[in-house]
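**Q** structure here, sequence nowhere to be found:
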């Protein structure tokens, strides 16, 4: 049974850092791109970042570019999201998700989120 379990969220002051982790089980996560999206109260889902199955070609939303870094360890079936210089507007529930597409055609969105975990809360506040 496919499972994605997020961890590492919490309360942090503006300018601080957090490192989110996503543990994958029940499938060969190394075959698929993995990404993160977030959802703040009263707002729609926002794609944050994704990374290819090999760990190359990371993609970031403009709102987090230069502050967040995605990485993966296929041997450990984990994906991480290092979040630095956090802002209050980064407050949201963060979800790790798998992209089941076998290929990304020209014009397709770089990130897709087909199945996800329960999420982890990130709150940025003084």
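**A** Structure's in. What do you need? Please read all numbers here as calculations on a predicted model, not as lab measurements.
**Q** helix/strand/coil for the residue nearest to the spatial centre of the chain?
**A** With distances taken as C-alpha atoms, centre = their mean, the residue of the chain nearest its centroid is residue 36 (2.0 Å). In three-state terms, and counting by DSSP: H, G, I helix; E, B strand; the rest coil, residue 36 is strand.
**Q** for the nearest residue to it once chain neighbours are set aside, give its distance to residue 105.
**A** Setting aside the residues directly before and after it, residue 36 is nearest to residue 48 in space (C-beta to C-beta, 6 or more residues apart in numbering), at 4.5 Å. The C-beta positions use only the backbone N, C-alpha and C, and glycine is treated the same way. For residue 48, the distance to residue 105 equals 22 Å [C-beta to C-beta, to the nearest Å].
**Q** so which of the two has more stuff around it?
**A** Using other C-beta atoms under 10 Å, the more surrounded residue of residue 48 and residue 105 is residue 48, with 25 against 6.
**Q** what pairs with the helix or strand containing the more buried one, parallel or antiparallel?
**A** Assigned by DSSP states H and E, residue 48 falls within strand 45-51. When pairing is defined by DSSP bridges, strand 45-51 lines up against strand 33-39 (antiparallel), strand 59-60 (antiparallel).
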